[in-house]
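Enquirer: Got a sequence here, can you model it:
(3 chains)
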Amino acid sequence: MPPELPEVESVKRSLEEKLPSGTRWVEVILNRKDLRVPFPKDLRKKLVNSEVLGLERRAKYLIFKRKEKDLLSHLGMSGTWRELKAGETLKAHDHLIFGFDNGLRLAYNDPRRFGLVDWGGVDSPWLRELGPEPLSAAFNPAYLLQQMKGRKAAVKVLLMNAHLVVGIGNIYASEILFLAGVKPARPGSKITPTEAALIVKHTKAVLKKAIKAKGSTLKDYRMVNGDSGKFQNSFKVYSRGGEKCFSCGAAIRSEVLGQRSTYWCSRCQK
DNA sequence: AAACATTCCTGCACGC
DNA sequence: TGCGTGCAGGAATGTT
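Expert: This is a model prediction of the structure:
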């Protein structure tokens, strides 16, 4: 459930309140042996009695920092971490349970199992090859323009490429390009310096707004306490195929691009 | 019942 | 030629 950057960031923040630095694992229960990849064999042994030093987010990964190896969690398409209330019975697809010495109990639920839980810090294979964070100074117009140069892939597909920039998925890619006034199918090589600057500006703006709204809940995504995000109420184009553009009134178009449904206004976006 | 918020892998085409 | 890179397509899976 928390697929894109704002959702993972919101999960991280909601979890931080409940997991102060120094909290220790006291319970680790595996209800199956794998998600997208196998759980580490020694997960229980290595976690129990160790401390959570803090939580971090890199791209769409949630990181439990420890003195020992860090623990990574990726939520795939349908993963959630939720707090288990006292006496709460487990649900279908509660694959992993963590208990902590402050009484917090967490369940990782993931029907489709595209998520993963594995060891790994910033230098791990999971994180090593990733591009810059979109909210960092490294993601700037000059960088984006250079990355777009000579590439014939659609700008939307490139924006969703984690080697180029992380954290942008199918929802926010459409939203960003609408605000930037750029058609999603435009080849990267055709992006002008002015457009690159607009894309960078609106990427940062939309992601920040979405984080403030605690992400977008389409169906599964929830924060640790079960709350929904609110940013879905602010979508300008995503999931609005056939509806009127809020800016110009034209019908929002929808087409599959790079195997993902894509939404845009053919009048506002060039 | 086709679609789905993600990522990784394969295979082909192109260019040096 | 051979190699590296970019890009398209497919797969993993359960739910609605």
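
Enquirer: Just the closest residue of chain A to DNA strand B, please.
Expert: A:Gly169 (2.0 Å; Cβ to the nearest atom of the strand). C-beta coordinates here come from the backbone N, C-alpha and C atoms, glycine included.

Enquirer: Any chance you could list what contacts stretch A:244-263?
Expert: A:153-154, A:156-157, A:160, A:170, A:173-174, A:178, A:184-185, A:236-243, A:264-268 (Cβ atoms under 8 Å, 6 or more residues apart in numbering).

Enquirer: which of those come close to DNA strand C?
Expert: A:Ala153, A:Ala154, A:Val157 (Cβ under 7 Å from any atom of the strand).

Enquirer: burial count for the residue of chain A closest to DNA strand B?
Expert: As a burial measure, A:Gly169 scores 18 neighbours (other Cβ atoms under 10 Å).

Enquirer: Reformat the ones next to DNA strand C among the contacts of stretch A:244-263 as JSON lines; add neighbour count and secondary structure.
Expert: Output for these, formatted as JSON lines (neighbours: other Cβ atoms under 10 Å; DSSP: H, G, I helix; E, B strand; the rest coil):
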{"residue": "A:Ala153", "neighbour count": "16", "secondary structure": "coil"}
{"residue": "A:Ala154", "neighbour count": "20", "secondary structure": "strand"}
{"residue": "A:Val157", "neighbour count": "20", "secondary structure": "helix"}
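
Enquirer: still on that earlier bit, can you report how many residues neighbour the nearest residue to the residue of chain A closest to DNA strand B once chain neighbours are set aside?
Expert: Among residues not flanking A:Gly169 along the chain, A:Glu4 sits closest, at 3.9 Å (Cβ to Cβ, 6 or more residues apart in numbering). Neighbour count for A:Glu4, taken as other Cβ under 10 Å: 25.

Enquirer: do the same with A:Pro141
Expert: The number of residues packed near A:Pro141 is 16, by other Cβ under 10 Å.

Enquirer: That one against A:Ile191, yeah?
Expert: No. A:Pro141 is not in contact with A:Ile191 according to Cβ atoms under 8 Å; the separation is 10.3 Å.

Enquirer: before we move on, the earlier item: contact partners for the residue nearest to A:Gly169?
Expert: A:Lys60, A:Gly167, A:Ile168, A:Gly169, A:Asn170, A:Ile171, A:Tyr172, A:Ala210, A:Gly215, A:Ser216.

Enquirer: ditto for A:Glu9
Expert: A:Arg57, A:Ile211, A:Gly215.

Enquirer: How about the backbone phi and psi for A:Asp227?
Expert: Phi and psi for A:Asp227, reported as degrees, to the nearest 10, are phi -70, psi 150.

Enquirer: any idea of the pLDDT on it?
Expert: You'll see A:Asp227 listed with a pLDDT of 90.

Enquirer: burial measure for it, as a count.
Expert: A:Asp227 has 13 nearby residues by other Cβ under 10 Å.

Enquirer: Please name the spatially closest residue to it (chain neighbours excluded).
Expert: Counting by Cβ to Cβ, 6+ apart, the residue nearest A:Asp227 is A:Lys214, at 6.9 Å.

Enquirer: what pLDDT does the one you found get?
Expert: So A:Lys214 comes in at 95 (pLDDT).

Enquirer: where's it, which helix or strand?
Expert: Assigned by DSSP states H and E, A:Lys214 belongs to no helix or strand.

Enquirer: returning to what we had before: so which of the contacts of A:Glu9 is the most crowded?
Expert: Result: A:Gly215 is most packed of those (other Cβ under 10 Å), 28 neighbours.

Enquirer: List only those of the contacts of stretch A:244-263 flagged as buried.
Expert: A:153-154, A:156-157, A:160, A:170, A:173-174, A:178, A:184-185, A:236-238, A:240, A:264-265, A:268 (16 or more other Cβ atoms under 10 Å).
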